[in-house]
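Participant: What follows is a predicted protein model with its sequence.
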Amino acid sequence: MAEVLVLVDHVDGKVRKTTAELLTIARRLGEPSAVFVGAGFDAAKESLARFGAEKVYRVESPEVLEHLVVPQAELLAQLVASTSPAAVLVPASPEGKEIAARLAVKTESGLITDAVDVQAGDGGVATTQSVFAGSYTVTATVTKGTPIVAVKPNSATPEEAAGAAADEVVDFTPSDAAKGARITESKPKQATGRPELTEAAIVVSGGRGTGGDFSKVEDFADSLGAAVGASRAAVDAGWYPHTSQVGQTGKQVSPQLYVACGISGAIQHRAGMQTSKTIVAVNKDNEAPIFELVDFGVVGDLFNVLPQATEAIKAAKD
Ligand code: FAD
């Protein structure tokens, strides 16, 4: 069976859930090999093995850490040339998509971004993706080169694999071509204690209907262990940080549950959330367009509905 390369998404060896999802998908297509760039491999090894990585290509060179995405694209290109994998899977994060695009150019391969499902098909790797701002769902296969697929978070349920050990570790050094730009300073994001928006299983978002008071949205999100998102109207008003914007010009999320609070459901907002598995809206206008795509809708004032829902969830947990 051919190898399937999975680019590991981690912070100092703490592996993100998206990597467990990608390794689970990789096992449908061939033999998963993890590609680990950065420090902290010892901390990551157990989790890579648990989700099925047999082999690990590792780049721990401190020099690489000083550079941006380019070394990762370069090193993946070197690995594609030497291993002829069945596919390369990367997370569909902004960074992952830049790496995937660079890799596709370098290896003259087809690229599919924002896949929400990946399976082994008759013609190779068969993907399902959401296109044109989520207006269509298409199935696609790569017909040239190595299939490179950027997969959205929450596209698979991580499944543990018995027997994999990740104990074949191949150290790798990317070529000098990878050093065109470097990081001169980095500041950690202020921690909120909430999950990262693009990989959260539950997202609760607030819009103009909050009137700028996100406290009820945040309380409700915290009762569910959810990330908090915002519509562009709320972000443009300066009520919530730009990094929390969901939509066409914000982040694309695809959680198990998305709750839109005081958001009308404009096409540009839908583009960032309509592949969510279950969609709930709270809006006081029963004709708001968001109700066209929800699984469950609550017509009501969010300042009445959300505190009651928060209390009910807390009571159910006690
Ligand atoms: P509104 O459309 O004003 O809706 C507010 C809703 O809150 C209404 O439905 C109202 O009934 C309800 N409401 C009011 N008070 C309450 C209450 N107390 N309780 C319950 N409900 C209440 N938008 C995005 O979100 N993301 C994007 O990435 C994005 N990109 C864009 C890109 C372009 C090029 C353009 C042109 C627009 C983009 N937009 C984007 C903006 C988009 O078109 C909408 O203007 C925006 O999504 C509206 O935000 P909203 O739903 O919060 O506000």
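Facilitator: On my side now, so go ahead. Numbers count the residues shown, from 1 in each chain.

Participant: just so I have it, where are all the helices in the stretch 151-300 of the chain?
Facilitator: Assigned by DSSP state H, counting those that start in this stretch, the stretch 151-300 of the chain shows helices spanning 215-224, 232-236, 267-270.

Participant: Quick one: name the residues of the stretch 151-300 of the chain near the ligand.
Facilitator: Within the stretch 151-300 of the chain, the positions adjacent to the ligand are 207-209, 231-234, 245-250, 262-264, 266, 268-269, 272, 282-285, 288 by C-beta under 6 Å from any ligand atom. C-beta: built from backbone N, CA, C; applies to glycine.

Participant: if you set the cut-off to 8 Å instead, what comes out?
Facilitator: Selection of the stretch 151-300 of the chain residues close to the ligand by C-beta under 8 Å from any ligand atom yields 206-211, 230-235, 245-250, 260-269, 271-272, 282-285, 288-290, 300.

Participant: Distance of residue 305 relative to residue 228?
Facilitator: Going from residue 305 to residue 228 by C-beta to C-beta, to the nearest Å gives 17 Å.

Participant: higher neighbour count, those two?
Facilitator: It is residue 228, of residue 305 and residue 228, that has more neighbours when counted by other C-beta atoms under 10 Å, with 22 against 18.

Participant: residues contacting the more buried one?
Facilitator: 192, 194, 197, 203-206, 214, 217-218, 221, 240, 244 (C-beta atoms under 8 Å, 6 or more residues apart in numbering).

Participant: In strands only, show me those.
Facilitator: Judged by DSSP state E, the contacts of residue 228 include 203, 204, 205, 206 as members of strands.

Participant: Test my guess that the second one contacts residue 221.
Facilitator: Yes: contact status for residue 204 versus residue 221: in contact at 4.0 Å, counting by C-beta atoms under 8 Å.

Participant: any low-confidence regions in the stretch 51-200 of the chain?
Facilitator: Scanning the stretch 51-200 of the chain with the threshold set as pLDDT under 70 gives 62-68, 133-134, 174, 178-180.

Participant: Do a quick rundown of the strands in it.
Facilitator: Taking DSSP state E, counting those that start in this stretch, the strands of the stretch 51-200 of the chain run over residues 55-59, 87-91, 111-121, 124-131, 136-141, 148-151, 168-171.

Participant: Kindly present the ones you listed as TSV, with separate columns for mean neighbour count.
Facilitator: Output for the strands of the stretch 51-200 of the chain, formatted as TSV (neighbours: other C-beta atoms under 10 Å):
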stretch	mean neighbour count
strand 55-59	22
strand 87-91	28
strand 111-121	19
strand 124-131	20
strand 136-141	12
strand 148-151	27
strand 168-171	12
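
Participant: What subset of the ones in strands among the contacts of residue 228 is buried?
Facilitator: 203, 204, 205, 206 (16 or more other C-beta atoms under 10 Å).

Participant: right, and the last one touches residue 234 too?
Facilitator: In other words, residue 206. Yes: using C-beta under 8 Å, residue 206 is in contact with residue 234, at 5.8 Å.

Participant: who touches both of these two?
Facilitator: What both residue 206 and residue 234 touch, as defined by C-beta under 8 Å, 6+ apart, is the set 214, 240.

Participant: quick revisit: now, which of the buried ones among the ones in strands among the contacts of residue 228 sits nearest residue 122?
Facilitator: Checking those against residue 122 by C-beta to C-beta gives residue 203 as the nearest, at 35.5 Å.

Participant: doesn't residue 256 make contact with the closest one?
Facilitator: No: using C-beta under 8 Å, residue 203 is not in contact with residue 256, being 9.3 Å away.

Participant: follow-up on the earlier one: what sits in contact with each of residue 204 and residue 221?
Facilitator: Common neighbours of residue 204 and residue 221, counting by C-beta under 8 Å, 6+ apart, are 227, 228.
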